[in-house]
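[1] Need coordinates for the following:
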Amino acid sequence: MAGESFNAPHIDYAGIAPLIALTVGLVVILMSGVFSTTKRWAPGLAVITLGATAGLLLWHWNDNLSLVAGALRVDNLAISISLIAIASAFAAILLSIRERAAEEAGHGEYYALLIGSVLGMVLLAEAENLVTFFVAIETLSIPLYILCATNLRREGSLESGLKYLIVGSLGSATLLYGMAFIYGGTGSTDFAGIAHGIEAKGMLHDPLILIGIALATVGLAFKTSIAPFHQWTPDVYQGAPTPITSFMAVATKAAAFAVFIRFFVVALGPETGDWQMGLAILAAISIVVGNVGAIRQDSLKRLLGYSGVAQAGYMLGGLVVATEKGVSSLIFYLAAYLFMNLAAFAVIVARERETPFGDDIRSVRGLGSERAVLAWSLTISMLALAGLPATAGFIGKLYLIEALVEGSYTWLAVFIAVGTMISLAYYLRVVAAMWMRPENEVAASGPGSTPAIAGASPEADPVDPEAGRRWYLVGPAVFAAAATVFFGVIPQPLVDFATHAGSSLF
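    The predicted structure is shown next:
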């Protein structure tokens, strides 16, 4: 009508500077694809983008900023999760050096998609509005659908991308339906407005809200690989290029759990009694299904896929109790999981390139005598994922169990302890293959050729006999293994990091 004007929300450009840095970096990397030197410059540009973003995020540490009319919130929780995603992306860039998928997709496109997914993760970690939430989760997911299928010469990679697209779309649709029910019941898209609507309108235990919570839980369970909504995980992990698998395994979980925490604790806090038990049951199912499913796996990537299902169950325990300690323990475990997983995937990448067995467990046979540094890195990773003492995995599980016991969910803590014992069956199997099995007998052949070995992977890349000595593979493996031990022996720095993140919500 005449005389009315649109009042645009105030934009704090300093607050959204990390998002601007990622967007600018993405565009520059993509545009660099027109030059013949892209192969040389794209990884460096991606690293610079991630470094600038990390610096801008740390600039806002201990700031609690509400941005874009409350659609985004920059606090220690968002910053912590964003830093985990950035560290995972940096590792994926190193592991992608000489990666066939990057060659086939084009280096500019490959690294631009990776940065695009990180942009979605940072946006998701800061989301405090249903619209921002959904836009962020799609910004995160769509580049990953493509990245999973970038190894065009491998049927498994194309199948991986298609499966992830179909299942991811189903999860997104379910999540969107849940959001629609919650909006219909409360009349608000802001998380704080949803919580106020539930209390002010007396909608506790209202069927509309409960259906919305159930559908939203299912959608987020797809994204975090929580059983029984995990079926896509082992197949996608195995078929995707291994650097992308390593990125997905940690960063996607971290970002999805960030919004899981914020959505359930902030928006659905008044309904705590209605969703806590449901999430606890999902956590228990995930722990059992993941650990049992991993026992008979010969593919290391499928094994880690099922392991990730179990690990998601452990992490969900931190959200179940809906306390500051529970959230802090979840953040601690996510940070530890970054190091544990990186050490494992760096070794898998090296052995995929060094042997004709792909990611089969045979690729690490005799690794202890052939590549002792890689063997020790993978051993530490397996022991940490199993939760043995003197590793960050042990401290993380101990922290989660303590939070569950204090939150009156002792029975779920028992599930974590039992799941840990079951997991020893497959983690120690990998360790035994490295240290107690003879070396693989690989026929002598020149670089660039694949030896004709019975049982070798038909889709294996040409063998690079020196892959196990490449700095960009050995370095991440050794660093991640060392960090896993360091934070297992001296956990206080990581505990402080997680505590600051958890306290920002309470």
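[2] Nearest the middle, which residue of the protein would you pick?
    residue 250 (2.4 Å; Cα atoms, centre = their mean).
[3] now that residue: how far from residue 64?
    26 Å (Cβ to Cβ, to the nearest Å). Where you see a C-beta, it was placed from the backbone N, CA and C, and this is true even at glycine.
[4] about what we covered before: from residue 244, how far out is the residue nearest to the centre of the chain?
    12 Å.
[5] Surely the residue nearest to the centre of the chain is in contact with residue 339?
    No. Under the criterion of Cβ atoms under 8 Å, residue 250 makes no contact with residue 339, lying 9.3 Å away.
[6] Contact partners for the residue nearest to the centre of the chain?
    Shown in contact with residue 250 (Cβ atoms under 8 Å, 6 or more residues apart in numbering): 84, 85, 88, 334, 337, 338, 341, 342.
[7] helix, strand or coil for the fifth one?
    Using DSSP: H, G, I helix; E, B strand; the rest coil, the three-state assignment for residue 337 comes out as helix.
[8] Who are the contact partners of it?
    With the criterion set at Cβ under 8 Å, 6+ apart, residue 337 makes contact with 250, 253, 311, 315, 393, 396.
[9] Can you check the pLDDT for it?
    According to the prediction, residue 337 has pLDDT 95.
[10] before we move on, what about the last one?
    Taken from the predicted model, the pLDDT recorded for residue 342 is 94.
[11] What is the neighbour count of it?
    30 (other Cβ atoms under 10 Å).
[12] Who are the packing partners of the one helix or strand residue 472 maps to?
    Per DSSP states H and E: residue 472 is located in helix 471-489. With contacts taken as 3 or more Cβ pairs under 8 Å, 6 or more residues apart in numbering; DSSP states H and E, helix 471-489 sits against helix 76-95, helix 324-354, helix 372-386, helix 392-406.
[13] With distance to residue 116 as added columns, please give those in JSON lines.
    Below are the helices and strands packed on helix 471-489 laid out as JSON lines (distance: least, Cβ to Cβ, whole Å):
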{"stretch": "helix 76-95", "distance to residue 116": "11"}
{"stretch": "helix 324-354", "distance to residue 116": "20"}
{"stretch": "helix 372-386", "distance to residue 116": "28"}
{"stretch": "helix 392-406", "distance to residue 116": "30"}
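[14] My guess is residue 324 contacts residue 503. True?
    Yes. Residue 324 lies in contact with residue 503 (Cβ under 8 Å); the separation is 5.8 Å.
[15] just to revisit the earlier point, let me know the closest of the contacts of residue 250 to residue 137.
    Using Cβ to Cβ, residue 85 comes nearest to residue 137 of the contacts of residue 250, at 13.3 Å.
[16] Residue 216 versus the closest one, what's the distance?
    Distance, residue 85 to residue 216, using Cβ to Cβ: 22 Å.
[17] So for those two, which sits in the more crowded spot?
    residue 85 (31 against 27).
[18] Let me see the contact set for the more buried one.
    Here residue 85 is in contact with 118, 121, 122, 125, 250, 251, 254, 255 (criterion: Cβ under 8 Å, 6+ apart).
[19] can we see that at 6 Å?
    118, 121, 251, 254, 255 (Cβ atoms under 6 Å, 6 or more residues apart in numbering).
[20] where are the low-confidence patches of the stretch 301-450 of the chain?
    Within the stretch 301-450 of the chain, the ranges that satisfy pLDDT under 70 run 439-450.
[21] try the stretch 1-150 of the chain
    Ranges of the stretch 1-150 of the chain meeting pLDDT under 70: 1-6, 36-39.
[22] Please enumerate the strands of it.
    With strands called from DSSP state E, counting those that start in this stretch, the stretch 1-150 of the chain shows them at 65-67, 72-74.
[23] For residue 285, find the nearest of these.
    It's strand 72-74; of these, that one is closest to residue 285 (Cβ to Cβ) at 31.4 Å.
[24] Counting by contacts, list what that closest one packs against.
    helix 107-126 (3 or more Cβ pairs under 6 Å, 6 or more residues apart in numbering; DSSP states H and E).
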